[in-house]
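Colleague: Give me coordinates for this.
(chains A and B)
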Protein chains: 2
Amino acid sequence: MTTPLPTSAQPLSPLGLHRVLDPPGVLPQAAWRLDPSAAIARDEVRIRVDRLNLDAASYRQLRETYAGDPDKIRAAVLEIIATRGKMQNPVTGSGGMLTGTVQEAGPDSPLRLAPGQRIATLVSLTLTPLVITDSLARWDGLSEQIPCEGHAILFARSIAAVLPDDLPAPLSLAVMDVCGAPALTQRVVEPGSVALIIGAAGKSGSLSAAAARQAGASRVIGVVPTDTEAALLRDAKGLVDEIVIADARDPVGLAAKVQAAGGPADVTVVCVDAAGCEGGAILSTAQGGTVIFFSMATSFSAAALGAEGMAADVTMLIGNGYVPGHADLALGLIRTNPAVRNLFDRRLAA
Amino acid sequence: MTTPLPTSAQPLSPLGLHRVLDPPGVLPQAAWRLDPSAAIARDEVRIRVDRLNLDAASYRQLRETYAGDPDKIRAAVLEIIATRGKMQNPVTGSGGMLTGTVQEAGPDSPLRLAPGQRIATLVSLTLTPLVITDSLARWDGLSEQIPCEGHAILFARSIAAVLPDDLPAPLSLAVMDVCGAPALTQRVVEPGSVALIIGAAGKSGSLSAAAARQAGASRVIGVVPTDTEAALLRDAKGLVDEIVIADARDPVGLAAKVQAAGGPADVTVVCVDAAGCEGGAILSTAQGGTVIFFSMATSFSAAALGAEGMAADVTMLIGNGYVPGHADLALGLIRTNPAVRNLFDRRLAA
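Modeller: Now for the predicted structure:
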């Protein structure tokens, strides 16, 4: 297949600006319509898609709008993809991820992918050019998992991870979904430091705890909200040194319990999706320490004003889902740390 | 004056938990009612208050509620302070700051304040125990500046800055109001790096530009939205090396202009209060670089998802308003950098 001229007025762009048709000049995620042509540019990769995994909010909206009618839901998804050149629900704005096989990699692609490799995309469907060729005939419309045929395009700055042969695909996908948290945790935790993981029995929390340990933390404290979660964490032997059962939305109560468990922390990682955990995380962290917020429920202003109000000299990081090598790091933890593996297996079975 | 026993059930706390009356156990900022008794604990400081500066949102709410009637506004403020033991508008939740003179400093106070010093508080009125004794008789109710008599209490972890003798008080207050931004900028910028200041003609932006220069940035790029702001920045000679006029909400357009001006940046500081600047800041920053968000309009999720969607390996910091020594650093910049001083003087005169 020959390399085509870019199909929009834009020059080739690692972010895929040359695939943006409407409105011109915006980023692919913000675009109404992308060009999903199969011909790839020199720095692109084409994937033969076998499965879409719709974002939960997107699927729920479709199911509710069409009262659960599979034919109507299927028609709606096909219409979105045909119209927009990507699967971005116009109501929720959200996308999802996909799995597939590398079909062709341009000579200048930096993604180091080779034809035949089975991969998952780690960037959203909201910015991924996509064509469906089987009318989604094999999808029953009853879940967000869509078996399908078609192709998708990865840009130079897209992110994809090769699905490992030695792990079940659902496990790999669950790990990849949260792999930014352990990668950033490992980057920030220094040997000998005290790490505090709020939400330590969850997927991103347990991987972050394992990453903190691997980075040399002298003590890992895990916070969970209930006895049930504490039992789960206790069964994951060696994952944390101390288990604290506390309401992370109560700053004073949390900080006191963390103190009793060997805190305050040098690095605190917030992995729970509850709102209102900023104050507790800040107050449980030592002066000069760092808080990494991975919860999408984090309020920017609550964190900024909370730290100022407590005269807390803490570095506060917005959890970036992308850190180079994040998928490999997280898959490595799952392979080598039986406690995390056990915890994931139990969560996936539930 | 003798040191009293703490008046609530809580033990002495550097955060002032012992002054929280209702509900018990929460942080002073979250409390409905504080104990503003004049007697100080060993680590507290009492201030003779001469002026309150209400938060703009709080004053606007009061003025609108009472249709601008000065007597009613005055009565409402008095009622809030008498009921809550602090000036926290129950509708807006916001406070403001105060100025006054140190009356008594407990022997264990770490704030290094001495009786007679004129200070401004750098923590919010929302967490500062306060008593008013003159019925606000000298306040006309027509502005958020309230001349008054009374006292306020500072905790061990409160923040206050001595008002310098050599600068006009309004200038010092304006500088202290934004002093966290230059302090964090100076901490992050390394010698020889490229610094990008979005909103460089504003108060926090111009101080951050000066701080980046002082930290050894090899190039300081200032972004402003209009020709008028550009002219202001141009008159502040030497503050920035390059002036970029751009809409910071347009990621692609901003990044292209920053690139042409010598970018991408190693450190980007967002100092504009417009929403939607996350993508442009991330895209204008080099891989491995840092973005400091100081705008309260920053969306946590837009920053986190934006970076991931662009595979941007950037460190994203929530701008913490507290950095040790921040007021001194900012006042030092105002004294030694005529360009910043000139810009502040012009803004204050306007």
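Colleague: make it CA atoms for all contacts and neighbour counts henceforth
Modeller: Fine.
Colleague: From chain B, how far out is the residue nearest to A:Ile80 when sequence neighbours are not counted?
Modeller: In space, and not counting its chain neighbours, A:Ile80 is closest to A:Met87: 6.3 Å by Cα to Cα, 6 or more residues apart in numbering or on different chains. Per Cα to the nearest Cα, to the nearest Å, A:Met87 is found 15 Å from chain B.
Colleague: try A:Gly276
Modeller: A:Gly276 is 12 Å from chain B, by Cα to the nearest Cα.
Colleague: For that residue, give me its contacts.
Modeller: A:248-249, A:297-299, A:302 (Cα atoms under 8 Å, 6 or more residues apart in numbering or on different chains).
Colleague: Chain B contacts on the stretch 251-350 of chain A?
Modeller: Residues of the stretch 251-350 of chain A lying close to chain B (Cα under 8 Å from any Cα of the partner chain) are A:251-253, A:296, A:298-301, A:303-305, A:307-324.
Colleague: Now the buried members of the residues you listed.
Modeller: A:251-253, A:296, A:298-301, A:303-305, A:307-323 (16 or more other Cα atoms under 10 Å in any protein chain shown).
Colleague: show me the residues around A:Asp266 that make contact.
Modeller: A:189, A:193-196, A:285-286, A:288-290.
Colleague: out of these, which is most surrounded?
Modeller: When neighbours are counted by other Cα atoms under 10 Å in any protein chain shown, A:Leu196 leads these with 34 neighbours.
Colleague: about what we covered before: could you find which two of the contacts of A:Asp266 are furthest from each other?
Modeller: Largest separation among the contacts of A:Asp266 by Cα to Cα: A:Leu196 and A:Gly288, giving 14.7 Å.
Colleague: pretty sure A:Arg219 is touching A:Ala195, no?
Modeller: Yes: the pair A:Arg219 / A:Ala195 is scored as a contact, 6.2 Å apart, by Cα atoms under 8 Å.
Colleague: Out of the buried ones among the residues of the stretch 251-350 of chain A next to chain B, name the ones that lie in strands.
Modeller: Cross-referencing those against strands under DSSP state E gives A:315-318.
Colleague: Might one say that A:Val20 is in contact with A:Val26?
Modeller: Yes: using Cα under 8 Å, A:Val20 is in contact with A:Val26, at 7.3 Å.
Colleague: Of these two, give the one with the bigger neighbour count.
Modeller: A:Val20 (27 against 17).
Colleague: For the residue of the stretch 1-150 of chain A found nearest chain B, give its distance to B:Ile282.
Modeller: Using Cα to the nearest Cα, A:Val123 is the residue of the stretch 1-150 of chain A that sits closest to chain B, at 5.6 Å. Distance, A:Val123 to B:Ile282, by Cα to Cα, to the nearest Å: 16 Å.
Colleague: Equivalent analysis for A:Arg187, please.
Modeller: Taking Cα to Cα, one finds A:Arg187 at 20 Å from B:Ile282.
Colleague: ok, those two, which is more surrounded?
Modeller: A count of neighbours by other Cα under 10 Å puts B:Ile282 above the other of A:Arg187 and B:Ile282, at 28 against 13.
Colleague: which residues are in contact with the helix or strand where the more buried one lies?
Modeller: Under the criterion of DSSP states H and E, B:Ile282 resides in helix B:278-283. By Cα under 8 Å, 6+ apart, the residues outside helix B:278-283 that reach it are B:198, B:248-252, B:254-255, B:268, B:270, B:291, B:298-299, B:302-303, B:306-307, B:310, B:312, B:314.
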